[in-house]
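Q: Got a sequence here, can you build the structure:
(chains A and B)
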Amino acid sequence: MKNKIIKILSNRVFFLLILLVVVMIVMSIISPYFLNVNSLITMARFGAVLALVGLGQSLVILAGGAGIDLSVGSMISLAGVMFGFMVNAGMNVWLAAALTVLVGGILGSVNGITVALWGLPPLIGTLGTMYAYGALALVMTNGVPLSGFPESFSFLANGKVFGLPSQIILVVLPAFLILFFIMQKTNFGRWIYLVGVNENAAQFSGIQVKRVRFVLYVISGILAGLGAIIMSSWLMAARPDTGSGMDMRSITVAVLGGIDIYGGVGNLVGTILAVIIVTMIATGLQLANINTIWQLAVLGVILLGAVSLNQVFVSKTK
Amino acid sequence: MNKSSRVRPYIPKPSRREYFTIIILVIEIIIFSIVSKNFLSANNLETVLRNSTDLAVVSIGMTMVMVLGGIDISVGSALGVVAIFVGWMLQREFNPVLIGFVAVLLGTIIGVFNGFLVTKAKIPAIIATLGISNILRAAIFGMLGGSWLTGLPQVFTLFTKGHILGLPAPVILLSIFYFIFWVFLTYIPAGRHIYAVGNSAEASTLSGISATRTQIVAFGLLGSLVGFSALIYVGRLASVEITVGNDLAMASIAAVVVGGTSVKGGKGSVIGTLAGVLFIAIMKNGIVLLGIPSLWEKAVVGVLIILSVVVDLVFTQRSERQKREQLSKQRMAI
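A: Numbers count the residues shown, from 1 in each chain, chains lettered A, B, ... in the order given. The predicted model follows:
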């Protein structure tokens, strides 16, 4: 019986589901406004960008080799600024959005080249681009937000599709489903795990390890580009510091979601559950009028608690 | 027993990588002194040093942790928390020696706690210190409560603005710190163990070195240095803002990496780190002197980080190839 409980708890998805229920109960006790449709919709809107970059971060970490992408926040900022410039130059908003996704991919491919192809340590390579992209976004705008987006563009972050937040239905859900399908059903998805578990074995079985990792950095960039568009629609402005803090938060949700920092273990469902938990805590505390600063502390405690608990469970099941 | 039979300790020599960093530092200084007249003035150089004293001190500790293959993202938030305590004690006019003691102690406690999380709870260093960083950052907001500590008594000003024996205080301070830790890492067993564990935790354990204790010591020392840097910070600015230490962790990691420490552990030295700190500090200063908007600062630093590691990679790949060629030659001879 005891073994069974440990086994269930050591399954990260179950663990997160239980945590989710606990958080929901605690939050609805703290704030009576927590469990109603409106605040749930706001919450979903709030978590959209974090979900996107969290997924990208998860993939990069999953493929092992100390993979990490510190530049996601700066990529959001820079891609957003590019988007702002394109729209201000008179380009159609939706065309500009499509190009912004491409920009994200290009920014990500720089990480892919330096880290995956040249073999720079990921921590350093992406720290470099984090600095470079962030500074570039500031330089291009002189630190002033770009605005002047057409009203219709607001639909993406503030509108509804089938009564649900449009950014979730139109962007986050499709992105998640596509990635989930790739992870579960395609060869490429299996390669990611194999590369993460044992890159030598992967190499010997004919998998292009470098190429797999390269693609994942590009995907992380593309997702950051999508995040930049949603952020621009949400704020109706392109701020050069939109993405600040996203790097650490995306790592937090990936790790909380059960992605092993050494690669090879984890599941995108876990990441999404972690995003939901983190977003619930953030909005819940806001609704309860508790200073948002405490989210950081709560997040830190949950992160440390979840990872060390996991270590305990893993060592017990072994 | 005659003298020669005693085992002489191996003294690591500065590597090619360190010489390289020092050479590009010298080239940088030459270029800036040609391009800008103000660069080589005593006043300007003193400013450069003064503004990076705390970074330089923290980077010593970061070097040790990174030689162990670890990392500490929480140094900025830790410095902030300690700086607030220092500010409070200054406002209540505590004895400066006592304040200094408490600051270093607080820093050490945070560092040792990080060390425990990494070794005992077995949480990867980047995650553990990220979590602690979040908690401490929240503590900073909570402790400051929206208002800054300003106009603090200038008790620790000596560390950055003072002069000792006619030399700027930062020069003396950094010389002492870097010398002590160079000796520690080169000659003292506890310091040398850091390299051993960084190279191979398993081999070290088998030869009787406790990897756990070494890691806790390194994180603890980093914490002490962070605590001391909080004194320098308060002395330099006479205030504590809400953004205190926001960029410290990344800046220090950058300096250590530019200085030639490998993120994979086992390689690196405080001398290289000092060169890395100075290189980045002088680059920032040069950017300002040349009249380039300071917004470019971080872009340049970012590119520098990548370049320095690319150079490092080229070096190691070449030396590995040479080793392989030597090996195959030896085989041919046999």
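Q: can you pull out the helices in the stretch 1-150 of chain B?
A: Per DSSP state H, counting those that start in this stretch, the stretch 1-150 of chain B carries helices over the ranges B:16-35, B:42-51, B:53-67, B:75-91, B:96-119, B:125-144.
Q: closest to residue A:246 out of these?
A: In terms of Cβ to Cβ, the element of the helices of the stretch 1-150 of chain B nearest to residue A:246 is helix B:125-144, at 13.5 Å. C-beta: built from backbone N, CA, C; applies to glycine.
Q: Report pLDDT for the residue in the stretch 201-334 of chain B that chain A sits nearest to.
A: Of all residues in the stretch 201-334 of chain B, residue B:302 sits closest to chain A, at 2.9 Å by Cβ to the nearest Cβ. On pLDDT, residue B:302 comes in at 82.
Q: Which residue ranges of the stretch 151-300 of chain A form helices?
A: Counting by DSSP H, counting those that start in this stretch, the helices of the stretch 151-300 of chain A are A:155-158, A:166-167, A:173-185, A:187-197, A:199-204, A:209-235, A:246-256, A:268-287, A:293-317.
Q: winner for burial among the helices of the stretch 1-150 of chain B?
A: Most buried of these by mean neighbour count (mean count of other Cβ atoms under 10 Å in any protein chain shown) is helix B:53-67; its value is a mean of 28.
Q: Show me what from the stretch 101-250 of chain B comes close to chain A.
A: Residues of the stretch 101-250 of chain B lying close to chain A by Cβ under 8 Å from any Cβ of the partner chain are B:117, B:121-124, B:126-128, B:130-135, B:137-139, B:141-142, B:250.
Q: rerun that using 6 Å as the cut-off
A: The stretch 101-250 of chain B comes close to chain A at residues B:121-124, B:127, B:131, B:134-135, B:137-138, B:141, as judged by Cβ under 6 Å from any Cβ of the partner chain.
Q: possible to save those as JSON lines with pLDDT?
A: Below are those laid out as JSON lines (pLDDT from 0 to 100):
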{"residue": "B:121", "pLDDT": "85"}
{"residue": "B:122", "pLDDT": "84"}
{"residue": "B:123", "pLDDT": "86"}
{"residue": "B:124", "pLDDT": "86"}
{"residue": "B:127", "pLDDT": "85"}
{"residue": "B:131", "pLDDT": "88"}
{"residue": "B:134", "pLDDT": "87"}
{"residue": "B:135", "pLDDT": "91"}
{"residue": "B:137", "pLDDT": "88"}
{"residue": "B:138", "pLDDT": "88"}
{"residue": "B:141", "pLDDT": "86"}
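Q: hmm, which two among the residues you listed are most spread apart?
A: B:122 and B:141 (29.8 Å).
Q: residue contacts, residue 155?
A: Picking chain A for this. For residue A:155, the contact set (Cβ atoms under 6 Å, 6 or more residues apart in numbering or on different chains) is empty.
Q: that's the wrong chain, I meant chain B
A: So residue B:155 contacts B:90, B:96 (Cβ under 6 Å, 6+ apart).
Q: tell me the phi and psi of it?
A: When read as degrees, to the nearest 10, the backbone of residue B:155 gives phi -80, psi -40.
Q: any idea how far chain A is from it?
A: 29 Å (Cβ to the nearest Cβ, to the nearest Å).
Q: between the helices of the stretch 151-300 of chain A, which one is nearest to residue A:135?
A: That would be helix A:246-256 among the helices of the stretch 151-300 of chain A, by Cβ to Cβ, at 14.7 Å.
Q: now the closest one and helix A:268-287, what's the angle there?
A: 120 degrees (axes from the mean of the first three to the mean of the last three Cα atoms, to 10 degrees).
Q: quick one, helix A:246-256 and helix B:125-144 angle?
A: Put simply, helix A:246-256 runs at 120 degrees to helix B:125-144, going by the same axes, to 10 degrees.
Q: Show me what helix A:246-256 is packed against.
A: Packing partners of helix A:246-256 (3 or more Cβ pairs under 6 Å, 6 or more residues apart in numbering or on different chains; DSSP states H and E): helix A:37-62, helix A:72-88, helix A:268-287, helix A:293-317.
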